[in-house]
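pasting the sequence and the predicted model now:
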Amino acid sequence: MSKRFKVSRQMDGLPELQGATPLSFFDPSNPDVNLFNLVDDEVIRITGSPLNYYKSFVEEDYDDVYLEARNRTVASEPIKVHGFYEPSVVEETLSQFGIEITNDQMFVFNKSYIEKMLSREPKIGDQIKPYFQNIKYEVIEVQEDSFEMYGVYHSVLTAKILRDDEETVNEIITETAPDVGSDGGTYTDL
């Protein structure tokens, strides 16, 4: 035997998604959200390490398809920031195309902290040099990591080792090897 229930009150129109409803489990204006952000920032500072962050600037010849500029400009003075990353040994693998460096590095920052320090969002082409390593990385991907209930709090940057650093490209060579087919004499100064 089925029972049919009747209600005397009509259901109101559905509320907007941004506003609070009687069934809302999470209030975005709750001060606990800001507390969570501050705790997350502090955890990254404690477990992470200092990094030198070099901002890149967009040039006129920026290609929107390849997301790069042929002549990119990078700040000469770094901004000291704190972020988390797991240092890894540089691996050089031998493939059919020669020796390749295949390991990418992931850097995690508190989103509000890094945007405040840079006065903008992190961008592809920015460079990062860890304080305790003599390696420079170039950012190749920027993602946002989020918590289901609290929102976006992490900027996750994927970076590759920068091989064409100004220090490497402008290195002064003092000696040259003998020419091919020579008697193998001594090196000459330039």
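That came through fine. Numbering: from 1, shown residues only.

which residues sit in contact with residue 139?
The contact partners of residue 139, taken as Cβ atoms under 8 Å, 6 or more residues apart in numbering, are 122-128, 157-159. In this view, the C-beta of every residue, glycine as well, is placed from N, C-alpha and C.

pLDDT on the helix or strand in which residue 81 is found, on average?
Assigned by DSSP states H and E, residue 81 belongs to strand 79-83. What strand 79-83 shows for mean pLDDT is 94.

what's the answer for stretch 40-60, then?
Computed over stretch 40-60, the average pLDDT equals 87.

can I get that stretch in CSV, CA atoms only?
These are the backbone C-alpha positions of stretch 40-60, laid out as CSV (Å, rounded to 0.1, in the frame of the first residue of the first chain):
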residue,chain,number,x,y,z
ASP,A,40,49.2,26.6,4.4
ASP,A,41,51.6,29.5,3.7
GLU,A,42,53.4,28.8,7.0
VAL,A,43,53.7,25.1,6.3
ILE,A,44,55.3,25.8,2.9
ARG,A,45,57.7,28.2,4.5
ILE,A,46,58.7,25.7,7.2
THR,A,47,59.0,22.6,4.9
GLY,A,48,60.3,24.5,1.8
SER,A,49,63.4,26.5,1.1
PRO,A,50,64.3,30.0,-0.2
LEU,A,51,64.3,30.4,-3.9
ASN,A,52,65.5,33.2,-6.2
TYR,A,53,62.7,34.0,-8.6
TYR,A,54,63.5,35.9,-11.8
LYS,A,55,60.4,37.5,-13.5
SER,A,56,60.1,37.4,-17.2
PHE,A,57,58.6,40.3,-19.2
VAL,A,58,56.4,40.0,-22.3
GLU,A,59,58.0,41.4,-25.5
GLU,A,60,56.4,42.6,-28.7
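
now the helices for the chain?
Here the chain has its helices, by DSSP state H, at 31-47, 111-118, 166-169.

which of the helices and strands in the protein ranks last by mean pLDDT?
Counting by mean pLDDT, DSSP states H and E, the chain has its least confident helix or strand at helix 166-169, which shows a mean of 51.

tilt between the strand holding residue 81 and helix 111-118?
170 degrees (axes from the mean of the first three to the mean of the last three Cα atoms, to 10 degrees).

who are the contact partners of residue 40?
Counted by Cβ under 8 Å, 6+ apart, residue 40 has contacts 110, 153-154.

so which of those residues is the most crowded?
Greatest neighbour count in the contacts of residue 40, by other Cβ atoms under 10 Å, goes to residue 110: 26 neighbours.

that residue bridge partners, please.
Beta-bridge partners for residue 110, by DSSP bridges, are residue 154.

residue 145 now?
So, taking DSSP bridges as the rule, residue 145 has residue 154 as bridge partners.

isn't it up against residue 110?
No - using Cβ atoms under 8 Å, residue 145 is not in contact with residue 110; the gap is 10.5 Å.
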